[in-house]
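In: quick one, fold the following:
(one chain, ligands or ions: 1)
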Amino acid sequence: MNNKIIIINGPNLNLLGEREQSQYGSISFGELKENCINKSKELGLNIEFTQSNVEGELVNIIQESIKKFDGIIINAAAFTHTSIAIRDALSIFKKPIIELHISNIYKREEFRQKSLISDIVTGGIFGLGSNGYILAIIAMQKLLEK
Ligand code: DQA
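Out: As a prediction, the model looks like this:
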């Protein structure tokens, strides 16, 4: 049976292509979703691609993922730097988790240089633009085939 993965996107990522193109590039959220679905199909993964601007909804999605998915790829966006609730929910997920950022958060403002989830995830990708999503899917497929 195919492994099932979920890509969880946090606040404002729905505005990709419109917001701060110098940081996040010109690809739209819809195009990114389509690229991720295509790559996952190519690698034989079932994928759900989701986004919320609401912290509690993201916590609910992570909790529901425990039973439904084999791996989580998460761009928690601004909540990366603030949310103990998202960190706690991710800690309950005992399968691979990849933290993802489009921009290099360590090259930006000081408040972005701290991630509350880096030390509990399997690994991370940052600063490689929206291609990071494709790289994360490839990495997840390798983690799950082991
Ligand atoms: C981001 C970086 C965060 O600091 C920011 O709040 C985002 C996007 C990224 O993908 O580079 O919304 O997670």
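
In: so who does the spatially closest residue to residue 9 that is not a sequence neighbour touch?
Out: In space, and not counting its chain neighbours, residue 9 is closest to residue 51: 3.9 Å by Cβ to Cβ, 6 or more residues apart in numbering. Quick note: C-beta positions are derived from backbone N, CA and C, even for glycine. Contact partners of residue 51, counting by Cβ atoms under 8 Å, 6 or more residues apart in numbering, are 8-10, 13-14, 29.

In: double-check residue 99 against residue 124; I have them as touching.
Out: Yes: judged on Cβ atoms under 8 Å, residue 99 makes contact with residue 124 at a distance of 4.0 Å.

In: give me the element the residue nearest the centre of the chain is part of.
Out: The centroid of the chain falls nearest to residue 74 when counting by Cα atoms, centre = their mean (2.1 Å). Secondary structure from DSSP states H and E places residue 74 in strand 71-75.

In: all the helices of this protein, residue numbers only.
Out: 21-24, 29-42, 55-68, 84-92, 131-145 (DSSP state H).

In: and the strand holding residue 74, which strands flank it?
Out: strand 4-9 (parallel), strand 97-101 (parallel) (DSSP bridges).

In: what about that strand, average pLDDT?
Out: Strand 71-75 comes out with an average pLDDT of 98.

In: report pLDDT for the residue nearest to residue 76 when sequence neighbours are not counted.
Out: Of all residues not flanking residue 76 in the chain, residue 10 sits nearest, at 4.4 Å (Cβ to Cβ, 6+ apart). We have a pLDDT of 98 for residue 10.

In: where's the least confident helix or strand in the chain by mean pLDDT relative to the chain centroid, distance-wise?
Out: The weakest-scoring helix or strand in the chain, judged by mean pLDDT, DSSP states H and E, is helix 21-24 (a mean of 88). Offset of helix 21-24 from its chain centre (Cα atoms, centre = their mean, to the nearest Å): 17 Å.
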